[in-house]
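Novice: Sequence first, then the predicted structure, then my questions.
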Amino acid sequence: MQGQGKTGISDLALLVEAGQRRAKEELAPYDYILGLVRKRVARQINPAQLADPDDATREQVRNIAQEVIARYRRSAPIQGLPPLEAEEILSRLLSDILGFGPLDALLRDPSVEEIIINGTEGAFVIDEQGKRPVSLWVPPGG
């Protein structure tokens, strides 16, 4: 059928979705995508599987996230939204949904012995270099 993409979504459906999104409260693109992925994950995956995800659950979440990102990228030009780097966004989504968000990289780093979160004042790690400040990306309101 003409006007339909790989997933069968027509150009008209993308335009309607774009109009609906404009009517909603303005969210940052990442927050909008994260919200859509979380809704789909909640509908399709048992919460117990998310508490201790196996490889199949991780792959299912990855597929959902990739589909949502692809839809955003197709509709972004219509809406005048900024383009997103799909791999960077995918990594952040998986970290936020299946991991510990901005702490994931530090938790995976074998040289980090301790992570210190000092309220809103910042974060520090203790590693072979001693105690040093680190930057954590934390979403607004998150």
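Specialist: All right, it came through fine.
Novice: Mind pulling the model confidence for residue 85?
Specialist: Predicted confidence (pLDDT) for residue 85: 80.
Novice: Please spell out which residues along the longest helix seen in the chain are buried.
Specialist: Criterion DSSP state H: the longest helix present in the chain is helix 55-79. Neighbour-count burial for helix 55-79 flags 57, 60-61, 64-65, 68-69, 71-72, 74-76, 79 (criterion: 16 or more other C-beta atoms under 10 Å). Where you see a C-beta, it was placed from the backbone N, CA and C, and this is true even at glycine.
Novice: next one: stretch 95-114
Specialist: Those buried within stretch 95-114 under the rule 16+ other C-beta under 10 Å are 96-98, 102-106.
Novice: Stretch 32-47 now?
Specialist: 32-34, 36-38, 40-41, 45.
Novice: chain center to stretch 76-86: distance?
Specialist: Mean C-alpha position of stretch 76-86 versus that of the full chain (C-alpha atoms, centre = their mean, to the nearest Å) differs by 15 Å.
Novice: Please apply the same query to stretch 117-125.
Specialist: Relative to its chain's centre, stretch 117-125 lies at 23 Å (C-alpha atoms, centre = their mean).
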